[in-house]
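Visitor: Everything below, folded, please.
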Amino acid sequence: QVQLVESGGGLVQAGDSLRLSCAASGRTFSGYHMGWFRQAPGKERDFVAAISWSSGSTNYADSVKGRFTISRDNAKSTVYLQMNSLKPEATAVYYCAARLTPTWRYWGQGTQVTVSS
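Guide: Presented below is the predicted three-dimensional model:
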């Protein structure tokens, strides 16, 4: 089992920045690919960004490319999502996820991000 706990959400204005953190515990963090997803009210959960175990590979949803950056510190078992130039449509609950296989197996409880216009 891997436990994931997100933090760093909050209420900001459009154009502001936020950095989300996701701390992992339980089984070793080693080898896990990590990702961020978000779910806006009344909508499905959508992919935001992912990073490989070695940090050698990242990918992003088109809607956040150039504004969001995913990174990880394996020594701290933590993954981050730096969000810049936030837009109101970024308002959602943001979830951290982990996987060893193609299926995202472990999920955090989420952290609320609200961007006011």
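Visitor: beta partners for the spatially most central residue of the chain?
Guide: Centroid-nearest residue in the chain, with CA atoms, centre = their mean: W36, separated by 2.8 Å. Judged by DSSP bridges, the bridge partners of W36 are A49, C96.
Visitor: these two touch, right, it and A92?
Guide: No: using CB atoms under 8 Å as the test, W36 is too far from A92 to be in contact (10.5 Å). Placement of C-beta: from N, CA and C, glycine included.
Visitor: contacting residues around the closest residue to L86 other than its chain neighbours?
Guide: Using CB to CB, 6 or more residues apart in numbering and skipping residues adjacent in sequence, the residue nearest L86 is V115, 4.7 Å away. V115 sits next to V12, Q13, A14, D16, L86, K87, P88, E89, A90, T91 when contact means CB atoms under 8 Å, 6 or more residues apart in numbering.
Visitor: Within the helices and strands, which one has the first one?
Guide: Take DSSP states H and E as the rule and V12 turns out to sit in strand 10-13.
Visitor: Please name every helix or strand in contact with that strand.
Guide: Contact partners of strand 10-13 among helices and strands, from 3 or more CB pairs under 8 Å, 6 or more residues apart in numbering; DSSP states H and E: strand 111-116.
Visitor: Pull out the buried residues from the strand it packs on.
Guide: Neighbour-count burial for strand 111-116 flags T111, V113, V115 (criterion: 16 or more other CB atoms under 10 Å).
Visitor: can you put these in a markdown table and add distance to S63 and pLDDT?
Guide: What follows is the buried residues of strand 111-116, written out as a markdown table (distance: CB to CB, whole Å; pLDDT from 0 to 100):
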| residue | distance to S63 | pLDDT |
| --- | --- | --- |
| T111 | 19 | 98 |
| V113 | 14 | 98 |
| V115 | 13 | 98 |
